[in-house]
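**Q** Sharing a sequence plus its predicted fold:
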Amino acid sequence: MSAVTHTDPAEHGAHPPLPHVRKVAMWAFLGSECLFFGTLISTFLLYRNRTGDGPTAAEIFDIPFTSISSFILLMSSLTMVLAHYASERKDWRRMRVWLLATALLGMTFLAGQVFEFTEFVHEGLTVTTSPFGSAFFVMTSFHGAHVAVGVILLLATAFMSFGGKLRADGGMNVELVALYWHFVDIVWIVIFTVVYLLQV
Amino acid sequence: MSEETQMASTDHTAHRGGAWGWITSTDHKKIGILYGVSAIMFFLIGGVEALLIRTQLALPNGDVLSADAYNQMFTMHATTMVFLVVMPAAAAFTNYFLPLLLGARDVAFPRLNALSYWIFFFGGLFLTISFFVGGAPDGGWFGYAPLSTQVSEVVRMDYWALGLLILGLASVLSAINFITTVFTMRAPGMTLMRMPVFAWMAFVVAFLLLFSLPIITVGLFQVFLDRNLGTLFFSAAGGGDPVLWQHLFWLFGHPEVYVLILPAMGIVSEVLPVFSGKPLFGRSFVIFSGIAIGFMGFGVWAHHMFTSGLGPVAEAAFALTTMFIGVPTGVKIFNWLGTLWGGSIRFKTPMLFSLGFIAMFVIGGLSGVTHSIVPADTQQHDTYYVVAHFHYVLFGGAIFGLFAGVYYWWPKITGRLLHEGWGKLHFWTMLIGFNLTFAPMHVLGLAGMPRRTYRYPEGLGFEFWNFVATVGSYLIAVSILVFLWNWWRSRHHGEVAGNDPWNGRTLEWTIPSPPPHYNFATVPTVHSEDSFWHDKYREDEAGNAVPVAAAPTTTAAEEDIHMPSPSYYPALTGFGMFIALMGFVYLPVGLVAVAAGLMVTMWGLFGWAMEPLTREPHE
């Protein structure tokens, strides 16, 4: 998506400063995503104890391991902030470094998720074992897919900065990627708290 | 840039005709027309399905359709009418008129807008071709588990789940686009409270879509995974809960009802003041009641589930919220009546359809209140009484309102008026046919005739009213033929409309009909509600409207107008998704098609990202 600069009403001067077109769109999209993840988490809460003959949450969750991978994902929000900050100071070199660091942390988290999924399958929990398994894997997979999309966005943004595109848009792309990335992180905080930590 | 090259730059993109011009268009007006034409095509398909249903039920023990074909017909009739007719018809008006009403040159993201259309188009195609390959969905448009998750009956409900998923994606993208347009692209001076009511209702609808569709999206994924991957979300035998599906569906499905009706309410709120010669009575009440409906629409879903066994507390709570949501709707009705009060009313066709809307919608609203009473609902549930109710709301309401919009805005879109005589014939045959069809269903339902059964035996007292309803449905079909004829003849023989045939009050009437590619030669400045009206009239001492000297109209492009270039990437992206969807239905063999489709999609998105939005004409 590109900005529609010709129609930015702020240019006409008669309005109070209006929010940037693409930022409004991103916020609207993230609002929609809240409901999406809300529904997945609700489904999980309904089914958390419907484990049938399969393993229960208490039996398979490895809280120390997931805590570490959650910490890695949270740190990626810090590097994202640093990338955004660098782009605002037009320090494109440092911005690229932090963008790549964020992508690397995101990929580490994804690797942890893949490892965790493999372990769970070995311990006998798959999507078809119980409603708990279905709800858990579908919810965390959708989150993982969002992280993967975020990693692609980060790499694409770092790549675009070589072509000078970010300079032209004043770093707006970095800001939009940052909004998305922080959202994905916040969703994980909710999932980690509600799904892993609050076990009844 | 000199003025000649500016005009050349607009010509460059405006006059690219032919099929390729339509496929690659990023102009909100052309996309609006595409939505409208598609909606009419699907309306004819959905209408034929309805006629088949009614023909089957005309006489006892009907044998026009088998039970299996009947299931496909009622499922596809509802799915088509909701997702492929009323929603895109409303999207047609929103696309075409939202920027015009706001004084903008386009929507915020023109190519995203084109993508929304093409995803919708291919989604509709995907659902419709299921009739010819593998059989159409037959589990009801509500897709209740386990009907929708039974794997034994091949692929039919896969078409349904995937089709609705992709249509939902199109709507979410549109919603984001319209919300951004309203927030950032209003003309100078157009505050939110000065926005025309239709724009307001489109705005509320965009929020409803934005927040309700993700819920059904998750549900549809769960249905698809239950069917194809063996997950246990809705499998009672495996520990899952089919009632979860009902919650997810209606948590989307009830706001959806307001997605269908609010655009029609917006249209009627534009038409009534123009043909009453008065401003809309209680304008801010109409707007705020629309917002209230938007909020409350999310709090009433379980009234669709009173017979699912939710327990007395939940049933009492949802009975109350359901009664309350009638209040803002009632507020609107009284505002419309207040607008008519003491007005100098012109009974043109758009006005007739608007009045028809109010009358029919009141009937549907009142029978709706009876559903909020739990014991009454328990009796009416799954009978023809419910069918009568929602057809009064969605046909007598939404479709009548949309036809009001068709007759009202047709001259702006085409430059020619539809014929008044044929229009009135259309209205009266449709009104009579509609009431003949659906009023008897109240009686049938209270007499105990169940929905969704493909035949009924003699001697239960259902024969007479069913026959009347079928006659009525054929009369509706005749009225649609009258409309199609009116449309066809107006192309060359319709009266030339001019800029402002109805003496309108909003900005779209200030520009030529049909509007130029760039909409407004000069972006207008708005000083009040109904600003265009106040440019034309002032009040004398007695309070009568007196015309003022014609304001100078600007014809030349004074600003440096850069309109977005055409692009084939949105259509290509939509096509790629279509290929992938076809592959998903026929897993695991279809994996090849899935891969190919995703590659085409990626090609479309990549080309899109790399292409500049506006190209200089001489490049």
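**A** Perfect, I can see it now.
**Q** shaky segments in chain B?
**A** For chain B, applying pLDDT under 70 flags the ranges B:1-16, B:151-153, B:543, B:549-560, B:615-619.
**Q** The same query, at a cut-off of 80, please.
**A** B:1-17, B:134, B:151-154, B:538-546, B:548-562, B:613-619 (pLDDT under 80).
**Q** Please identify which helix or strand holds B:Thr453.
**A** Secondary structure assignment for B:Thr453, by DSSP states H and E: no helix or strand.
**Q** neighbours around it, how many?
**A** Neighbour count of B:Thr453, defined by other CB atoms under 10 Å in any protein chain shown: 11. C-betas here are computed from N, CA, C, even on glycine.
**Q** chain center to the helix or strand where B:Gly163 lies, what's the gap?
**A** Under the criterion of DSSP H and E, B:Gly163 resides in helix B:156-184. Centroid separation for helix B:156-184 versus its chain: 12 Å, with CA atoms, centre = their mean, to the nearest Å.
**Q** where does the residue of the stretch 151-300 of chain B found nearest chain A fall, helix, sheet strand or coil?
**A** Closest contact between the stretch 151-300 of chain B and chain A, by CB to the nearest CB, is at B:Pro188 (3.1 Å). Of the three states, B:Pro188 takes coil under DSSP: H, G, I helix; E, B strand; the rest coil.
**Q** Does the lowest-mean-pLDDT helix or strand in chain A reach chain B?
**A** Least confident helix or strand, chain A: helix A:165-168 with a mean of 78, by mean pLDDT, DSSP states H and E. No - using CB under 8 Å from any CB of the partner chain, helix A:165-168 never reaches chain B; the gap is at least 10.2 Å.
**Q** Repeat that for stretch A:182-200.
**A** No - Stretch A:182-200 lies out of reach of chain B by CB under 8 Å from any CB, never closer than 12.6 Å.
**Q** For that stretch, give the mean pLDDT please.
**A** For stretch A:182-200, mean pLDDT is 91.
**Q** how about that stretch: buried residues?
**A** Across stretch A:182-200, burial judged by 16 or more other CB atoms under 10 Å in any protein chain shown covers A:His182, A:Phe183, A:Val184, A:Asp185, A:Val187, A:Trp188, A:Ile191, A:Phe192, A:Val195.
**Q** of the residues you listed, closest to B:Gly36?
**A** Taking CB to CB as the measure, B:Gly36 lies nearest A:Phe183 of the buried residues of stretch A:182-200, at 35.7 Å.
**Q** any idea how far B:Arg194 is from the residue of the stretch 151-300 of chain B closest to chain A?
**A** Distance, B:Pro188 to B:Arg194, using CB to CB, to the nearest Å: 11 Å.
**Q** same thing with A:His146?
**A** Applying CB to CB to A:His146 and B:Arg194 gives a distance of 39 Å.
**Q** about what we covered before: can you name the residues in contact with the helix or strand that the least confident helix or strand of chain A is followed by?
**A** Proceeding C-terminally, helix A:165-168 gives way to helix A:172-191 as the next helix or strand, assigned by DSSP H and E. With CB atoms under 8 Å, 6 or more residues apart in numbering or on different chains as the test, helix A:172-191 has contacts from A:3, A:20, A:22-23, A:26-27, A:30, A:33, A:37, A:41, A:70, A:73-74, A:76-77, A:80-81, A:83-84, A:87, A:95, A:99, A:102, A:106, A:139-140, A:143, A:146-147, A:150, A:153-154, A:157, A:160, A:165-166.
**Q** Name all residues that make contact with the residue nearest in space to the middle of chain B.
**A** Closest to where the C-alpha atoms of chain B average out (CA atoms, centre = their mean) is B:Met87, at 2.4 Å. By CB under 8 Å, 6+ apart, the contact list for B:Met87 reads B:Leu167, B:Ser171, B:Val259, B:Leu260.
**Q** go on, B:Ser354?
**A** B:Ile267, B:Val268, B:Val271, B:Leu272, B:Phe275, B:Phe400, B:Gly401, B:Ala404.
**Q** can I get the residues you listed in a markdown table with distance to B:Phe520 and secondary structure?
**A** Output for the contacts of B:Ser354, formatted as a markdown table (distance: CB to CB, whole Å; DSSP: H, G, I helix; E, B strand; the rest coil):
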| residue | distance to B:Phe520 | secondary structure |
| --- | --- | --- |
| B:Ile267 | 22 | helix |
| B:Val268 | 26 | helix |
| B:Val271 | 23 | helix |
| B:Leu272 | 26 | helix |
| B:Phe275 | 25 | helix |
| B:Phe400 | 31 | helix |
| B:Gly401 | 27 | helix |
| B:Ala404 | 25 | helix |
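**Q** Okay, B:Trp422 and A:Thr157: tell me how far apart.
**A** 57 Å.
**Q** between these two, which one's more packed in?
**A** Neighbours per residue, other CB under 10 Å: of B:Trp422 and A:Thr157, the larger number sits with A:Thr157, 24 against 17.
**Q** Just the CA coordinates for stretch A:178-192, please, in PDB.
**A** Output of stretch A:178-192 as PDB, limited to C-alpha atoms (Å, rounded to 0.1, in the frame of the first residue of the first chain):
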ATOM      1  CA  ALA A 178       6.400  -1.100  14.700                       C
ATOM      2  CA  LEU A 179       2.700  -0.800  15.500                       C
ATOM      3  CA  TYR A 180       2.100  -4.300  14.000                       C
ATOM      4  CA  TRP A 181       5.000  -5.800  15.900                       C
ATOM      5  CA  HIS A 182       4.000  -4.400  19.300                       C
ATOM      6  CA  PHE A 183       0.500  -5.600  18.700                       C
ATOM      7  CA  VAL A 184       1.700  -9.200  18.100                       C
ATOM      8  CA  ASP A 185       3.800  -8.900  21.200                       C
ATOM      9  CA  ILE A 186       0.900  -7.700  23.300                       C
ATOM     10  CA  VAL A 187      -1.200 -10.600  22.100                       C
ATOM     11  CA  TRP A 188       1.500 -13.000  23.200                       C
ATOM     12  CA  ILE A 189       1.600 -11.500  26.600                       C
ATOM     13  CA  VAL A 190      -2.200 -12.100  26.900                       C
ATOM     14  CA  ILE A 191      -1.800 -15.700  25.600                       C
ATOM     15  CA  PHE A 192       1.100 -16.400  27.800                       C
END
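**Q** Tell me how many other residues crowd A:Arg167.
**A** The number of residues packed near A:Arg167 is 13, by other CB under 10 Å.
**Q** and the closest residue to it other than its chain neighbours, how many neighbours?
**A** Leaving aside its sequence neighbours, A:Arg167 sits nearest to A:Trp92 (CB to CB, 6 or more residues apart in numbering or on different chains; 7.0 Å). Applying other CB under 10 Å, we find 18 residues neighbouring A:Trp92.
**Q** next one: B:His304
**A** With other CB under 10 Å as criterion, B:His304 counts 23.
**Q** what does B:Thr149 give?
**A** 25.
**Q** distance of it from B:Val478?
**A** Between B:Thr149 and B:Val478 the distance is 41 Å, computed by CB to CB.
**Q** do B:Met351 as well
**A** For B:Met351 relative to B:Val478 (CB to CB), the value is 22 Å.
**Q** mind listing the helices for the stretch 401-550 of chain B?
**A** B:420-446, B:463-493, B:531-536 (DSSP state H, counting those that start in this stretch).
**Q** Would you mind finding the most buried of these?
**A** Most buried of the helices of the stretch 401-550 of chain B, by mean neighbour count (mean count of other CB atoms under 10 Å in any protein chain shown): helix B:420-446, with a mean of 20.
**Q** on that earlier part again, my read: the residue of the stretch 151-300 of chain B closest to chain A touches B:His527, true?
**A** No - contact criterion CB atoms under 8 Å: B:Pro188 and B:His527 do not qualify, at 9.8 Å.
**Q** Give me the more crowded residue out of those two.
**A** B:Pro188 (15 against 12).
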